[in-house]
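Participant: Predicted coordinates and the sequence they were generated for:
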Amino acid sequence: MYDLVIEGRILADGSPVDAYLCIEGGRIARVCKQPPVSGEYGEFHRQGRSLLLPGVIDTHVHFRDPGMTSKEDFTTGSISAAFGGVTTVIDMPNTRPPTIDLGSLMVKERIASTGSVIDYGLNLAIMGGSDLMAVDTLLKGGANAPAPVGLKAFLGDTTGSLVFGTISSLSKWSPVVENTGAVLALHAEDGSLFEPVKDPEDVKDILLQHSRARPAASEASAIQKATEALGEQAGNAHILHVSTEAGLQAARSSRATVEVTPHHLLMDTKWCERNLEMQAMGKVNPPLRTPSDRAALWGGIADGTVDTIGSDHAPHLIEEKSQGYLSPSGMPGVETMAPLLLSEVSKRRLDMNRFVELCCSSPADRYSLAGKGRIAEGSLADIMVVNLREGRKIKGDGLHSRCGWTPYEGMVGVFPGMVYSRGEPIIDGENLCGKPGRGNNVRA
């Protein structure tokens, strides 16, 4: 007897077809063309001609917990994610304290396990002085704690100041990466190429100044140096938030995988001049770039260079963003990532199958998240229900992040009508059904 049957449309060989998903024990036990007979199931949910897509896996969020919970915490961040169709997140380590060892990993695990509405993984930061043996043990799950889902190295200064150090010294991490198979996520900016800001008091050219201070060359240089240092293990590197044509080209010549963000795909400095109420809303690391860089990223999606899309959800309070150039870098985005991209699908700029690959199956494969990222028999029943005809304008006060604002104000997003996590409804329209603490660590 199935716990639940969901009627809707799934993608089969690239095209939508009518189907019934039979859910048992949190997994898709059967995918069939005819409905099970009455008595073979507990509940039956009719979703009509809406698409049943895999829940999104956002492998790049900063939920600010612990230490910066005035901006976000694991509960508000995971709720915001769920309303955007995200059923799994990987949280970044630049919190207070930073996630750098067993003790800090356990602190964050306790927070996430009691607060998260959705499943999660935790990244561990590495720096020049990190203990290689201790990190190796953690990655292998040998510390009586859920293993980190991967490692993170900040190659240039950014929020949290967890700068790795000399990029060439990544070479000493190659044995750890080889022994554990760990994904090494890289914030790829070469700080040695950063330039001084000419006029930090100027409120007009914030984003142009920021882009010049952290130039495109710094991204390309960091990618090249890092992948050369890792040598044979460069294939375990995952280059985060690639923002420039030069960076994309450097990544193409390596064996690393590539992430881009919605804000680098949908915004550039010219766009922000026309559309943002405050320029600092668009201040991020790496910076927003030129229209030609943005076009190059879309080209990377089209030719397969880009492997995943991650939100880099990094909220700050709006009053913090009111300080001109001195405003901190980062913007919210976990709730709007999938809706904005689905809007691009509805406009035929992005193929639906490519969306699923970039946001669901490829992240699952990259981080070895068994059972996630696909609508298939045996997979976890992480599902979002989508009708591409039901787009709506995005409003900051209608979103669920604690920060309370969005740079995408007024843009159209296609939000899911319902979201399931492991076969359990967690979002039903505007209603939150899932409870904090129901999320599982993907490495538990």
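Facilitator: Okay, I see it.
Participant: contacts, neighbours, all on C-alpha from now
Facilitator: Will do.
Participant: For residue 363, give me its contacts.
Facilitator: 57, 58, 59, 307, 308, 373 (Cα atoms under 8 Å, 6 or more residues apart in numbering).
Participant: what are the phi and psi values for it?
Facilitator: For residue 363, the backbone dihedrals are phi -60, psi -40 (criterion: degrees, to the nearest 10).
Participant: about what we covered before: what's the most distant pair in the contacts of residue 363?
Facilitator: Every pair in the contacts of residue 363 was compared (Cα to Cα); the two farthest apart turn out to be 307 and 373, at 13.7 Å.
Participant: list residues touching both of those two?
Facilitator: With Cα under 8 Å, 6+ apart, residue 307 and residue 373 have common neighbours 362, 363.
Participant: if we can go back for a sec, return the closest of the contacts of residue 363 with respect to residue 269.
Facilitator: residue 308 (23.1 Å).
Participant: wait, the closest one sits on residue 262?
Facilitator: No - the criterion here is Cα atoms under 8 Å, and residue 308 misses it with residue 262 at 10.8 Å.
Participant: Compare those two (neighbour count), which wins?
Facilitator: The residue with more neighbours, out of residue 308 and residue 262, is residue 308; 31 against 19, by other Cα atoms under 10 Å.
Participant: Tell me who's in contact with the more buried one.
Facilitator: By Cα under 8 Å, 6+ apart, the neighbours of residue 308 are 258, 259, 260, 357, 358, 359, 362, 363.
Participant: ok so the second one is a strand residue?
Facilitator: Yes - going by DSSP: H, G, I helix; E, B strand; the rest coil, the assignment for residue 259 places it inside a strand.
Participant: if you count what's nearby, which of residue 307 and residue 373 comes out ahead?
Facilitator: residue 373 (29 against 22).
Participant: Angles on the backbone of the more buried one, please.
Facilitator: phi 90, psi 0.
Participant: Please report the distance of it from residue 355.
Facilitator: Distance of residue 373 to residue 355, computed by Cα to Cα, to the nearest Å: 11 Å.
Participant: Repeat that for residue 186.
Facilitator: 23 Å.
Participant: Over to residue 138?
Facilitator: Distance from residue 138 to residue 355, by Cα to Cα: 33 Å.
Participant: again with residue 384
Facilitator: Applying Cα to Cα to residue 384 and residue 355 gives a distance of 13 Å.
Participant: cool, and residue 72?
Facilitator: Using Cα to Cα, one gets 27 Å for the distance from residue 72 to residue 355.
Participant: Which one of those two is surrounded by more residues?
Facilitator: Taking other Cα under 10 Å, residue 72 and residue 355 do not tie; residue 72 has more neighbours (26 against 20).
Participant: Next up, the contacts around residue 191.
Facilitator: Applying Cα under 8 Å, 6+ apart, the residues contacting residue 191 are 155, 156, 157, 214, 218.
Participant: Taking these, please make a PyMOL selection of just the buried ones.
Facilitator: This is how PyMOL selects the buried members of the contacts of residue 191, with burial counted by 16 or more other Cα atoms under 10 Å:
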select buried, resi 155+156+157+214+218
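Participant: Among the contacts of residue 191, which lie within helices?
Facilitator: residue 218 (DSSP state H).
Participant: TSV for the contacts of residue 191, including distance to residue 206 and pLDDT?
Facilitator: Output for these, formatted as TSV (distance: Cα to Cα, whole Å; pLDDT from 0 to 100):
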residue	distance to residue 206	pLDDT
155	23	95
156	20	87
157	18	85
214	12	96
218	19	98
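Participant: Show me which of the contacts of residue 191 is closest to residue 441.
Facilitator: The closest of those, once distances to residue 441 are taken by Cα to Cα, is residue 155, at 27.0 Å.
Participant: thought the closest one was touching residue 222?
Facilitator: Yes - with contact defined as Cα under 8 Å, residue 155 counts as touching residue 222 (7.1 Å).
Participant: Just the strands from the stretch 1-150 of the chain, written as ranges.
Facilitator: 2-12, 15-24, 27-32, 41-54, 56-61, 86-91, 119-125, 150-154 (DSSP state E, counting those that start in this stretch).
Participant: partners of the fourth one in the sheet?
Facilitator: So the one you mean is strand 41-54. Paired strands of strand 41-54, with direction, are strand 2-12 (parallel), strand 383-386 (antiparallel) (DSSP bridges).
Participant: quick one: contacts for the nearest residue to residue 267 once chain neighbours are set aside?
Facilitator: The shortest distance from residue 267 to any non-neighbouring residue, by Cα to Cα, 6 or more residues apart in numbering, is to residue 288 (6.9 Å). Contact analysis of residue 288 by Cα under 8 Å, 6+ apart lists 207, 211, 243, 263, 264, 267, 268, 269, 282.
Participant: Most neighbours among those residues, which one?
Facilitator: residue 243 (29 neighbours).
Participant: any idea of the pLDDT on that residue?
Facilitator: At residue 243, the pLDDT value in this model is 98.
Participant: hang on, it packs against residue 297?
Facilitator: Yes - the criterion here is Cα under 8 Å, and residue 243 meets it with residue 297 at 7.3 Å.
Participant: what is in contact with the two at once?
Facilitator: With Cα under 8 Å, 6+ apart, residue 243 and residue 297 have common neighbours 260, 264.
Participant: hmm, back to that, okay, the contacts of residue 288 in TSV with distance to residue 178 and secondary structure next?
Facilitator: Shown next, in TSV, are those (distance: Cα to Cα, whole Å; DSSP: H, G, I helix; E, B strand; the rest coil):
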residue	distance to residue 178	secondary structure
207	39	helix
211	35	helix
243	28	coil
263	33	helix
264	31	helix
267	37	coil
268	38	coil
269	40	helix
282	38	helix
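Participant: Out of the residues you listed, the closest to residue 33 would be?
Facilitator: If you rank these by distance to residue 33 using Cα to Cα, residue 263 comes first, at 38.8 Å.
Participant: Quick check: the closest one vs residue 170, distance?
Facilitator: Taking Cα to Cα, one finds residue 263 at 28 Å from residue 170.
Participant: Can you say which of the strands of the stretch 1-150 of the chain is nearest to residue 97?
Facilitator: Closest approach to residue 97 among the strands of the stretch 1-150 of the chain is made by strand 119-125 (11.3 Å; Cα to Cα).
Participant: elements contacting that closest one?
Facilitator: For strand 119-125, the elements it packs on are strand 86-91, helix 102-115, strand 150-154, judged by 3 or more Cα pairs under 8 Å, 6 or more residues apart in numbering; DSSP states H and E.
Participant: out of the ones you listed, deepest packed?
Facilitator: When you average the neighbours per residue for each of the helices and strands packed on strand 119-125 (mean count of other Cα atoms under 10 Å), strand 86-91 leads with a mean of 29.
Participant: partners of that strand, with directions?
Facilitator: In the sheet, strand 86-91 lines up with strand 56-61 (parallel), strand 119-125 (parallel) (DSSP bridges).
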